[in-house]
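Engineer: My questions concern the predicted model and sequence given below.
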Amino acid sequence: MKQRTTTALLLFLAFCAGAAAQSSRKGLKDAYKDYFWIGVAVNQRNISDETQKALICQEFNSITAENDMKPQPTEPEEGVYRWEGADRIANFCRQNGIRLRGHCLMWHNQIGRWMFTNPDGSLVDKEVLYERMRRHIHAIVGRYKDIVYCWDVVNEAITDDPNAAVPYRQSPLYEIAGEEFIEKAFEFAREADPDALLFYNDYNEADPVKSVRIAEMVRQMKEKGVPIDGIGMQGHYNIYEPSAQDVDAAIERFSHVVSHIHVTELDIRVNREMGGQLKFKRDAAAITDSIDRVHADRYAAMFRVFCKHSDVIDCVTFWNLSDRDSWLSEQNYPLLFDRNYQKKRAYDAVIKARKSYRKRRK
Ligand code: XIL
């Protein structure tokens, strides 16, 4: 607790110094200061290049490590920890007074097979899984507890199949322990840092069927005493879907279950795919002026919905800094900055969108 107070003070001082140095350079974070924090997912290049560093500090006041805090990169083999990438991002945040979202503790992707298999490849029993999960979660959460203010504890545990009898994704973790693995992950994270806000995070979260499943799971677990504080809406959208109404309805639904909602991975691509699947199309349509307008309008529509719910949304994070960095590739045109880190039309649309709502100071 003492460490946290000291860090809070240092962060505050860094904020003051930063604010004095940059008072004339306002960005997204300033435009939205009365609504929610504005975050960005970063890779190592983003925090090494001077232009990109300056852009991050000007526009954003929350950071997520795009890959460097995930299970496999941080613990590729049992007990073998690789902290270099995560440390660099944590230090960048400490030096610049930027808060850090932790992403992510348990996920079926980017997790070492050692976590859930025996040497012969068979699945471990659940006691072994829990012990391995507990050690991993304590190691990473403990290491960054001075700077990480919240964690995506479990990522993407709900199925995409609307007709599935069971709402859960059939991952090895689920196969071993059923939904109890989700509960245990939250319990271990709370043990490791009682002060961090703990999130369940998923994509296609505005889908009417999936959003009900997410809300129901979180509601039931909270009723049992599982320490879930918030729901992360990934927000990997496209220029056609989901509708602003569906996003609005999902936030409304989640707000009856949790008092913290974060939009955790926002991008809007220009083809018809969406969601968090790691396989996707890169050959998007040509970017005409009208596509550029639609893209900007979609961002504006989403931000109007987020502003409407700023009492419960604490943070909106973009998944990557510029189109050049995007996990979806530049052809998908998904972000507010182009390959040269210049503002696109969507940037201005986002800035203007907040004016549609009366400011609500938290
Ligand atoms: C993505 C990263 O952006 C890629 O670099 C990586 O190859 C795969 O993962 N949902 C999530 C994120 O929760 O962690 C994913 O990030 C995108 C989908």
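Structural biologist: Perfect, I can see it now. Residues are numbered from 1 along each chain as shown.
Engineer: Name the SS class of Ala325, please.
Structural biologist: One correction, residue 325 is Asp, not Ala. Three states are possible here, and by DSSP: H, G, I helix; E, B strand; the rest coil the one that applies to Asp325 is coil.
Engineer: Show me which residues of the stretch 251-362 of the chain sit near the ligand.
Structural biologist: If contact is defined as CB under 6 Å from any ligand atom, the residues of the stretch 251-362 of the chain in contact with the ligand are Glu265, Gly276, Leu278, Trp327. C-beta: built from backbone N, CA, C; applies to glycine.
Engineer: I figured the last one hits Leu335, correct?
Structural biologist: Okay, so that is Trp327. No: the pair formed by Trp327 and Leu335 falls short of the contact definition of CB atoms under 8 Å, at 10.5 Å.
Engineer: the more surrounded of the two?
Structural biologist: When Trp327 and Leu335 are compared on other CB atoms under 10 Å, the one with more neighbours turns out to be Leu335, at 28 against 18.
Engineer: residues touching the more buried one, list them.
Structural biologist: With CB atoms under 8 Å, 6 or more residues apart in numbering as the criterion, the residues that contact Leu335 are Asp267, Phe318, Asn320, Leu321, Ser322, Asp323, Asp325, Ser326, Lys344, Ala346.
Engineer: got a markdown table for these, with pLDDT and distance to Trp37 too?
Structural biologist: Below are the contacts of Leu335 laid out as a markdown table (pLDDT from 0 to 100; distance: CB to CB, whole Å):
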| residue | pLDDT | distance to Trp37 |
| --- | --- | --- |
| Asp267 | 98 | 17 |
| Phe318 | 99 | 12 |
| Asn320 | 98 | 17 |
| Leu321 | 98 | 16 |
| Ser322 | 98 | 20 |
| Asp323 | 97 | 22 |
| Asp325 | 98 | 20 |
| Ser326 | 97 | 21 |
| Lys344 | 98 | 21 |
| Ala346 | 98 | 19 |
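Engineer: closest to the ligand among those?
Structural biologist: Out of the contacts of Leu335, the one with the shortest distance to the ligand is Asn320. That distance is 7.0 Å, counting by CB to the nearest ligand atom.
Engineer: Please tell me how far that closest one sits from His295.
Structural biologist: 15 Å (CB to CB, to the nearest Å).
Engineer: Equivalent analysis for Ile214, please.
Structural biologist: Remark: distance between Ile214 and His295 (CB to CB) = 27 Å.
Engineer: Any idea how many residues pack against Lys224?
Structural biologist: Lys224: 7 neighbours (other CB under 10 Å).
Engineer: now it, nearest residue through space, not along the chain?
Structural biologist: With CB to CB, 6 or more residues apart in numbering as the measure, Glu183 is the residue that lies nearest to Lys224, at 7.3 Å, once sequence neighbours are left out.
Engineer: that's a helix at the one you found, yeah?
Structural biologist: Yes: assessed by three-state DSSP, Glu183 belongs to a helix.
Engineer: Could I get the pLDDT score of it?
Structural biologist: According to the per-residue confidence, Glu183 scores 98 in pLDDT.
Engineer: Contacts only, for the nearest residue to Asn118 once chain neighbours are set aside.
Structural biologist: With CB to CB, 6+ apart as the criterion, Asn118 has its nearest non-adjacent residue at 5.7 Å, and that residue is Val124. Taking CB under 8 Å, 6+ apart as the contact definition, Val124 lies against Phe116, Thr117, Asn118, Arg132, Ile176.
Engineer: By neighbour count, which of these wins?
Structural biologist: For the contacts of Val124, neighbours were counted by other CB under 10 Å; the highest total belongs to Phe116, with 23 neighbours.
Engineer: now it: how far from Val226?
Structural biologist: As defined by CB to CB, Phe116 lies at a distance of 21 Å from Val226.
Engineer: where do the helices sit along the stretch 101-250 of the chain?
Structural biologist: Ranges of helices within the stretch 101-250 of the chain are 126-143, 172-177, 180-192, 208-223, 244-255, based on DSSP state H, counting those that start in this stretch.
Engineer: Deepest-packed of those helices, please.
Structural biologist: Among those, ranked by average contacts under mean count of other CB atoms under 10 Å, first place goes to helix 180-192 (a mean of 21).
Engineer: which secondary structure elements does that helix contact?
Structural biologist: Packing contacts for helix 180-192, counted by 3 or more CB pairs under 8 Å, 6 or more residues apart in numbering; DSSP states H and E, involve strand 99-106, helix 126-143, strand 148-155, helix 172-177, strand 197-202, helix 208-223.
Engineer: so can I have TSV of these showing distance to Glu84 and mean pLDDT?
Structural biologist: Converted to TSV, the helices and strands packed on helix 180-192 look like this (distance: least, CB to CB, whole Å; pLDDT from 0 to 100):
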stretch	distance to Glu84	mean pLDDT
strand 99-106	16	98
helix 126-143	12	98
strand 148-155	17	98
helix 172-177	27	98
strand 197-202	24	98
helix 208-223	34	98
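Engineer: about what we covered before: any idea how far the residue nearest to Asn118 is from Ala189?
Structural biologist: 20 Å.
Engineer: biggest separation within the residues of the stretch 251-362 of the chain next to the ligand, which pair?
Structural biologist: Glu265 and Leu278 (12.7 Å; CB to CB).
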